[in-house]
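In: need a structure here:
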Amino acid sequence: MNTDRPKIVLLYQSLLGIYGDHGNAVVLTKRLQWRGIDAELLTVEPGQPVPTDGAVYLLGGGEDTAQITAVQELEADGGLFTALDSGAVLFAVCAGYQICGKSFTIGSRDEAIKGLGLLDTETRRGPERAVGEVLHIWTQPNGNTCPITGFENHGGWTELGSDAKPLAAVDTGWGNGNRRDEGAVQGRVIGTYPHGPVLARNPQLADHVLEMALGCRLEPLDIPEMTALRQRRIEAVRTGRP
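Out: Numbers count the residues shown, from 1 in each chain. Prediction:
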């Protein structure tokens with residue numbers, strides 16, 4: 001990993017890019033650049049080699065059949081696995097989160113499809129679709145709690161095994177489907193359901209991902225407009241206003 005010019009690698013936008021989750025990669029890049037760090041944003045599509053020297057890799061949401069193709073392409077390439085072994089961080093949203101697990105199903109089919117095996121999770125079709133604004137409570141590494149806001153839209157419900165830990169506790173919404181926990185964390189892999197993009201709406205989480213990748217503490221960024229918008233979204237969910 002090049003820490004002098006960290007690479008933010010957006011994977012397979014043509015397959016897993018229909019919910020605007022590419023914004024997460026832009027957010028990470030900008031938050032480094034605003035601090036004077038010369039970050040580089042790379043987009044890698046199926047058939048192109050996945051670089052092994054990235055700092056953060058990102059997967060987004062997509063349609064069911066695209067998940068199968070993404071797994072096949074990533075396994076055939078192997079670059080993501082090499083990067084993670086070298087200390088990179090993977091941040092995966094919705095469909096991207098599901099394929100990081102041991103297995104998942106698509107649509108109305110009950111056939112379990114092998115995932116990337118990066119998270120000790122299994123995803124199956126839930127009895128109803130989880131749709132709407134969410135509010136989750138994330139416990140930061142320093143022990144302080146921080147709300148996570150976003151928008152969920154997923155039919156799969158995810159169960160965590162013993163090696164994966166929830167990213168957050170559910171306040172409002174479905175989360176992993178049980179209305180108790182949301183997302184999964186295992187080693188240097190983070191999976192979560194909310195769109196938004198979620199890192200645009202939750203700068204503390206964005207900086208956490210960057211600090212994991214770079215192995216250093218980042219100075220806070222004071223952006224009053226972003227703070228005000230974030231607070232309005234939190235209040236809207238808590239009061240039931242759109």
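In: E75: how many residues sit nearby?
Out: E75: 14 surrounding residues under other C-beta atoms under 10 Å. In this view, the C-beta of every residue, glycine as well, is placed from N, C-alpha and C.
In: Assign it to helix, strand or coil.
Out: Following DSSP: H, G, I helix; E, B strand; the rest coil, the label given to E75 is helix.
In: contacting residues around the nearest residue to it once chain neighbours are set aside?
Out: Setting aside the residues directly before and after it, E75 is nearest to L116 in space (C-beta to C-beta, 6 or more residues apart in numbering), at 7.0 Å. Shown in contact with L116 (C-beta atoms under 8 Å, 6 or more residues apart in numbering): V71, L74, E75, L80, I99, C100, G101.
In: Which members of the residues you listed are classed as buried?
Out: Burial by neighbour count, judged by 16 or more other C-beta atoms under 10 Å, picks out V71, L74, L80, I99, C100, G101 from those.
In: Out of those residues, which two are the most distant from each other?
Out: Using C-beta to C-beta, the buried ones among the contacts of L116 span at most 14.6 Å, a distance reached by L80 and G101.
In: Surely I68 and I106 touch.
Out: Yes. Using C-beta atoms under 8 Å, I68 makes contact with I106 at a distance of 7.0 Å.
In: Tell me which of those two has more neighbours.
Out: Each of I68 and I106 has its neighbours counted (other C-beta under 10 Å); I106 has more, 20 against 15.
In: Could you point out the longest helix of this protein?
Out: Of all the elements of type helix in the chain, the one with the most residues (DSSP state H) is helix 224-239.
In: just checking, what packs against that helix?
Out: Where contact means 3 or more C-beta pairs under 8 Å, 6 or more residues apart in numbering; DSSP states H and E, helix 224-239 is packed against strand 121-139, strand 145-160.
In: Can you say which of those is packed in most?
Out: Each of the helices and strands packed on helix 224-239 was scored by mean neighbour count; the highest is strand 145-160, a mean of 20, by mean count of other C-beta atoms under 10 Å.
In: Relative to the whole chain's centre, how far out is that one?
Out: Distance of strand 145-160 from the chain centroid (C-alpha atoms, centre = their mean, to the nearest Å) equals 10 Å.
In: Which SSE is immediately downstream of it?
Out: Next helix or strand after strand 145-160 toward the C-terminus (DSSP states H and E): strand 168-172.
In: For T65, give its distance to A25.
Out: Distance of T65 to A25, given as C-beta to C-beta, to the nearest Å: 23 Å.
In: and those two? which has more neighbours close in?
Out: A25 (24 against 11).
In: one step back: can you tell me the SS state at the residue nearest to E75?
Out: Going by three-state DSSP: L116 is coil.
In: quick one: low-confidence parts of the chain?
Out: Residues of the chain that meet the criterion pLDDT under 70 lie in 1-3, 241-242.
In: Only the buried residues of stretch 62-72, if you could.
Out: Neighbour-count burial for stretch 62-72 flags G62, D64, A66, Q67, T69, A70, V71 (criterion: 16+ other C-beta under 10 Å).
In: Turn those residues into JSON lines, columns for secondary structure.
Out: Below are those laid out as JSON lines (three-state DSSP):
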{"residue": "G62", "secondary structure": "coil"}
{"residue": "D64", "secondary structure": "helix"}
{"residue": "A66", "secondary structure": "helix"}
{"residue": "Q67", "secondary structure": "helix"}
{"residue": "T69", "secondary structure": "helix"}
{"residue": "A70", "secondary structure": "helix"}
{"residue": "V71", "secondary structure": "helix"}
